[in-house]
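Trainee: sequence and predicted model, in that order:
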Amino acid sequence: MLGIDIEDNSRFEKKDRVNDSKFLEKIFTLSELEYCYSKKNPAPHLCARFCVKEAVIKVLSYKGIKHSKLNDIEVFHGDIGEPYVRVLSNPEIDIEISLSHDKTKSIAIAQLKND
């Protein structure tokens with residue numbers, strides 16, 4: 001099974017790391033926030049990670065695994081910058097992802113490995 005999500009980057013365009021910290025920390029890990037806000041325009045990076053989290057939740061729900069905490073799902077990068085995802089509360093779950101963004105939209109796909 002696949003999970004997919006697409007969103008408008010505008011959802012995150014006016015999110016300030018200081019003034020919106022409570023909202024952002026419900027969705028993203030501190031590591032993700034550091035990565036996104038290190039970029040000139042953090043909105044598409046935040047939005048793509050949000051899409052990953054939504055796609056992962058869809059994949060988990062297909063398997064009957066209830067999951068609601070978005071900040072328990074973390075996107076991180078490998079040695080050459082490739083994105084990976086981990087479910088912090090359940091690290092044995094192995095999920096493959098792909099994410100992308102442009103000026104207006106972000107998209108992500110997730111799939112359980114060996115499924």
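Mentor: Received the coordinates, thanks.
Trainee: which residue is nearest the middle of this structure?
Mentor: Centroid-nearest residue in the chain, with CA atoms, centre = their mean: residue 49, separated by 2.6 Å.
Trainee: so that residue makes contact with residue 36?
Mentor: Yes: if you go by CB atoms under 8 Å, residue 49 and residue 36 touch, sitting 7.0 Å apart. Where C-beta positions appear, they are placed from N, C-alpha and C, glycine not excepted.
Trainee: which parts of the top helix by length along the chain are buried?
Mentor: Secondary structure assigned by DSSP state H gives helix 42-62 as the longest helix of the chain. By 16 or more other CB atoms under 10 Å, the buried positions in helix 42-62 come out as 42-60.
Trainee: give the bridge partners for residue 109, please.
Mentor: Assessed by DSSP bridges, residue 109 has beta-bridge partners residue 4, residue 98.
Trainee: what is the neighbour count of it?
Mentor: By other CB atoms under 10 Å, 19 other residues sit near residue 109.
Trainee: so who does it touch?
Mentor: 2, 3, 4, 55, 97, 98, 99 (CB atoms under 8 Å, 6 or more residues apart in numbering).
Trainee: so how far is residue 67 from the second one?
Mentor: Going back to what we said before, that points to residue 3. 11 Å (CB to CB, to the nearest Å).
Trainee: neighbour count winner among these two?
Mentor: Per other CB under 10 Å, whichever of residue 3 and residue 67 has more neighbours is residue 3, with 23 against 19.
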